[in-house]
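S.K.: predicted model, plus sequence, below.
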Amino acid sequence: MPANPQTATAIASPNIAFIKYWGNRDQSIRLPANGSISMTLGGLESRVAVTFDPRLESDRLETHGVQFDHDPLPRISHHLDLIREMVGTDTPAHIETESNFPAGAGIASSSAVFAALTLAASRAASLPLDPPSLSRLARRGSGSACRSIFAGFVEAFAGDSDQDAFAQSFAPPEYWRIIDLIAIVDKQHKRIGSTAGHALAPTSPLQKARVADAPRRLDLCRQAITGRNFLPLATILEQDSNMMHAVMLTSNPPLFYLSPTSLALMEAISSWRASGLRACYTLDAGPNVHCITHLDDSEEVASRLRVFPGVEEVLQAPPGEAARLV
Ligand code: DP6
């Protein structure tokens, strides 16, 4: 690497999994137990700047201008090591991150940060990578980040090895006018992060059945999106989310991500759908409820969510753009 600092900045959006990735076949390289489908979340963004600087003694991380010597610096350094190995350098980096949405409460912030980090760092290191390679590498940093490389509706393949475990977009953002209304019920950082949670998945006797059934759920979800059929999408989304939370609840030790407000919202959203609104719920590893609605029904659904007891705020995210350099 040249003796002067090499810098690049990238932006990526988080994504909401419609069919969840939960558990790894190989935890060390985040080889997922099952394939997944997501929607990239427009308007929510993480910006990551990476500067490889030979004058530094070690990697430095600043998040919103505050320096971090601890978590998540080791994880970010480990990810940069993969890129440094690929180009044969050991130059330390200065990493600056900023996000415009709350971290750690079920809006997979790691997906946006690791997608943007992979893109910025590979560019700063002058390592040309095509989108599948970026996705594969982002996956090593955070499993869900492989999907945030792409726009719109995205499928991640479980693959048999590192080489074929990556994502691709199968419909662009404008393909379907649906929107994620994210009901924030708790902005606290989650107690058990996804990485520790994935490691517990095999301790649930339900995980084998969830993984074995994944191809069926992936097919139904992909067909619902490509056919723009809301009701089949709603059915499979809620079932998939409930199956993942059933695995979490039956792990050893058990993981409780749902709060009383989450449960009340899940019930309310299903009943709104029964009365004719196109709305359904899905929850990642946190208590916030992602309410997927058709754009035409979204004003009504958002106004109901805003006054729901326990809801602090409602964020709105339509299908979003791919990770990009700025
Ligand atoms: C529940 O990608 O956050 O959001 O690889 O440890 O960073 P790490 O895990 P992460 O796991 C995502 C779990 C999920 C479901 C999903 O996004 O598919």
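M.R.: Good, I have the coordinates. From a predicted model like this one, the values you see are computed outputs, not experimental measurements.
S.K.: every contact and neighbour count from this point should use C-alpha atoms.
M.R.: Noted.
S.K.: so the residue of the stretch 201-326 of the chain found nearest the ligand versus Leu218, what's the distance?
M.R.: Using CA to the nearest ligand atom, Asp284 is the residue of the stretch 201-326 of the chain that sits closest to the ligand, at 3.9 Å. Distance, Asp284 to Leu218, by CA to CA, to the nearest Å: 17 Å.
S.K.: Thr97 against Arg60, yeah?
M.R.: No. The pair Thr97 / Arg60 is not scored as a contact, 11.1 Å apart, by CA atoms under 8 Å.
S.K.: coming back round to it: confidence score at the residue of the stretch 201-326 of the chain closest to the ligand?
M.R.: What the model reports as pLDDT for Asp284 is 94.
S.K.: roughly how far does it sit from Leu117?
M.R.: According to CA to CA, Asp284 stands 22 Å off from Leu117.
S.K.: neighbour count for the two, which is higher?
M.R.: Per other CA atoms under 10 Å, whichever of Asp284 and Leu117 has more neighbours is Leu117, with 32 against 24.
S.K.: what about the residue nearest to that one when sequence neighbours are not counted, how many neighbours?
M.R.: Sequence neighbours aside, Val48 is the residue nearest to Leu117 in space, at 5.7 Å (criterion: CA to CA, 6 or more residues apart in numbering). Val48 has 29 neighbouring residues, counting by other CA under 10 Å.
S.K.: for Glu57, same thing?
M.R.: Burial of Glu57 is recorded as 10 neighbouring residues (other CA under 10 Å).
S.K.: you'd agree it is in a strand?
M.R.: No. Counting by DSSP: H, G, I helix; E, B strand; the rest coil, Glu57 falls outside a strand, being coil.
S.K.: show the contacting residues for it.
M.R.: Glu57 makes contacts with Pro92, as judged by CA atoms under 8 Å, 6 or more residues apart in numbering.
S.K.: cool, Phe308 as well?
M.R.: Leu265.
S.K.: you'd agree it is in a helix?
M.R.: No. Counting by three-state DSSP, Phe308 falls outside a helix, being coil.
S.K.: which bits of the protein sit near the ligand?
M.R.: 17, 20-22, 108, 110-111, 142-144, 194-195, 284-285 (CA under 6 Å from any ligand atom).
S.K.: what's the closest non-adjacent residue to Ser144?
M.R.: Going by CA to CA, 6+ apart, Ser144 has Ser111 as its nearest residue, at 5.2 Å.
S.K.: surely that neighbour and Pro14 touch.
M.R.: Yes. Using CA under 8 Å, Ser111 makes contact with Pro14 at a distance of 5.3 Å.
S.K.: so between these two, which is more surrounded?
M.R.: Higher neighbour count among Ser111 and Pro14: Pro14, with 33 against 28, using other CA under 10 Å.
S.K.: ok, and the closest non-adjacent residue to that one?
M.R.: Ala112 (4.4 Å).
S.K.: hang on, the earlier thing: among the residues of the chain next to the ligand, who's most crowded?
M.R.: Ser144 (33 neighbours).
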